[in-house]
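> Below is the sequence, then the predicted model.
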Amino acid sequence: MESAQLDQSGSKQLNVLNCPHCNAPIDYSLGETLFTCKYCGYTFSMIKEGEYKEIAPGKHFMLVSSYNETEMREVSRDWMRKGILKAGDLAEKSKITKMELKFVPIWIVNVSANTSYHGKKKIVEVERRTRSSSRSRGAPIREEVRKERWVDKSGDFSDVVDWKILATKGMSLPLEKIKLSVAGKVPFKIENVSHGAKLINGDVNEELAKEKTESGIRNYHQDLASKEVDQLLSINTNVQVGEAQLLTIPFWFIQYKYKNKLYPIIFNGSSGEVVEGDAPMGKYDILVIAGIITAIIVIVIVAIALWPT
């Protein structure tokens, strides 16, 4: 099923395997375990050498790319023209140097969690007092006395969410920024993968995705509870991990050059929304920001100087 080659150290390093369904070759890097055949669309995870587990068609869905390369170029130019703090001639003076459409696998795991917590919250109270001046005929002196006390605080909250886990650890995507039109998903079919696009392999199988989901929502609830109290004394989170589905999503990875410097943009190929993008600022924008920062510093210095002692 697999072919192998020796690296410079002489150790065995797999780089090609054959699809268990159609026997077509699948290129992959060492450590990848999740694959979709670009010829027949068969999706499977490799448990160990020679042993595979099918990702059933009813568990694998996709979002279809809504843009071809020409349309995405225009979407990119439109993004360059809009928004604040971008160079005014960005759309006209930049040159797109690279465009890649990649279909990336993301696990969508249904999970519910219930958390109860107990802690202490600090209450700060300010008491205003007036006392006589030590000088004769002096004006009364007004004082503010800060008092702190701690009170117990308990609470509980719950969540039922579809947790997103990127199925490939070698790729960086800000999942929290990605709006998924899950209502528009369709069963995965290889013919819906745009011509010339790359199908990305994964290295996170379903079991690992569920483990990451449980860990992720526990940490999320820990953060929520910590924001409610100043000292978190105890927390108890019950997690129920449900079904997982594999959702393959198209992303356009674009690189452009402006004044001899390269900048990246990532677009959701299904919705056309920007996932992440870098853009240079115009010189006037830089001056405005510098002016605002200077004004804030001056205000703070003046406020400190005039603060009563």
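Arrived safely, thanks for sending. None of the values given here were measured: they were computed from a predicted structure.

> how about the helices in the stretch 51-200 of the chain?
Along the stretch 51-200 of the chain, the segments classed as helices by DSSP state H, counting those that start in this stretch run 69-81, 90-93.

> mind checking which of those is nearest residue 153?
Minimum separation from residue 153 across these (CB to CB) falls at helix 69-81, 45.0 Å. In short, each C-beta sits where N, CA and C put it, glycine included.

> who does that closest one touch, helix- and strand-wise?
Packing partners of helix 69-81 (3 or more CB pairs under 8 Å, 6 or more residues apart in numbering; DSSP states H and E): helix 90-93, strand 95-131, strand 231-258, strand 261-268.

> can you dump the C-alpha coordinates of that helix into CSV?
Taking Å, rounded to 0.1, in the frame of the first residue of the first chain, the C-alpha atoms of helix 69-81 are listed here in CSV:
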residue,chain,number,x,y,z
GLU,A,69,-9.3,33.0,-9.7
THR,A,70,-10.4,36.0,-11.7
GLU,A,71,-13.3,36.8,-9.3
MET,A,72,-11.0,36.4,-6.3
ARG,A,73,-8.5,38.9,-7.8
GLU,A,74,-11.3,41.4,-7.9
VAL,A,75,-12.4,40.6,-4.3
SER,A,76,-8.8,41.1,-3.2
ARG,A,77,-8.6,44.5,-5.0
ASP,A,78,-11.9,45.5,-3.4
TRP,A,79,-10.6,44.7,0.1
MET,A,80,-7.5,46.8,-0.6
ARG,A,81,-9.6,49.8,-1.6
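
> got the buried residues for that helix?
72, 75, 76, 77, 79, 80 (16 or more other CB atoms under 10 Å).

> pLDDT wise, what is the residue lying closest to the third one once chain neighbours are set aside at?
Excluding the flanking residues, the one nearest residue 76 by CB to CB, 6 or more residues apart in numbering is residue 254, at 5.7 Å. Note on residue 254: pLDDT of 97.

> From here on, call the first residue 14.
Shifting the count to begin at 14 puts that one at residue 267.

> Walk me through the domains of the chain.
Using automatic domain parsing, the domains assigned to the chain come out as 15-130+167-291, 295-322.

> I'd like to know which of those lies nearest to residue 144.
domain 295-322 (15.2 Å).

> So for the closest one, mean pLDDT?
According to the model, domain 295-322 has a mean pLDDT of 61.

> Could you check the pLDDT of the residue most central in space within the chain?
The geometric centre of the chain, computed from its C-alpha atoms, lies nearest to residue 187 (CA atoms, centre = their mean), at 2.2 Å. Note on residue 187: pLDDT of 86.

> how about residue 290, what does it touch?
92, 276, 277, 278, 279 (CB atoms under 8 Å, 6 or more residues apart in numbering).
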